[in-house]
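Dropping a prediction and its sequence here:
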Amino acid sequence: MEASTRDTIEQCARESHAGLTSFGALVGRLMQAGIESYHADYRRCDTTYYLPDGATHAVALPAPDAIIPQQFDAAALVQAIRSAQHGAVHYPEFMALSMAAGCVGYMVWIAGRHVSYFGHRGEVHIEHFPPA
């Protein structure tokens, strides 16, 4: 992986975790850097970024110190997603809300234009990117 790609990933992660950038802006920058997908794992407190050639780069994810409920509440998760899409909450708040909804992590499929959110028992909510 090129140093510039790694630098872009780390800068995007810092800005996102600080609530300084929107999901759309983040995805656009990662797409330009050649990132194919990324996985945010709330239980491991890290995010792994994937390139099409198989290269990966993991970044620590400063997650709230909270126990994620066993129950997956898809309606509460969707409400958190909509709040983020409308700019009512930024990433730190989104993390807390999605964790409270029983989400253990998610996979952003940049090339596929959707996000898969996961619960403890394999529940999945798929959220397609809003139209441009």
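Thanks, I have it. Numbers count the residues shown, from 1 in each chain.

All the strands of the chain, in order from the start?
When assigned using DSSP state E, the strands of the chain occupy the ranges 37-41, 46-50, 56-60, 103-109, 114-119, 124-128.

okay, those in CSV with distance to residue 6 next?
Bear in mind the C-beta positions are built from the backbone N, C-alpha and C, glycine included. Supplementary listing: the strands of the chain in CSV, determined by distance: least, C-beta to C-beta, whole Å:
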stretch, distance to residue 6
strand 37-41, 13
strand 46-50, 9
strand 56-60, 6
strand 103-109, 18
strand 114-119, 23
strand 124-128, 27
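
Look up how far residue 5 lies from the residue sitting nearest the centre point of the chain.
Central residue of the chain (C-alpha atoms, centre = their mean): residue 40, 5.1 Å from the mean position. In this structure, residue 40 and residue 5 are 18 Å apart, going by C-beta to C-beta, to the nearest Å.

For the residue lying closest to residue 29 once chain neighbours are set aside, which residues are in contact?
The spatial neighbour of residue 29 that comes closest, neighbours along the chain excluded (C-beta to C-beta, 6 or more residues apart in numbering), is residue 12 at 5.5 Å. Contacts of residue 12 were listed using C-beta atoms under 8 Å, 6 or more residues apart in numbering, and they are 21, 26, 29-30.

go with 10 Å
21, 25-30, 33, 35, 38, 47, 49, 59 (C-beta atoms under 10 Å, 6 or more residues apart in numbering).

Buried ones among the residues you listed?
21, 26-27, 29-30, 33, 35, 38, 47, 49, 59 (16 or more other C-beta atoms under 10 Å).

out of those, who's nearest residue 127?
Residue 127 has its nearest neighbour among the buried ones among the contacts of residue 12 in residue 27, at 12.5 Å by C-beta to C-beta.
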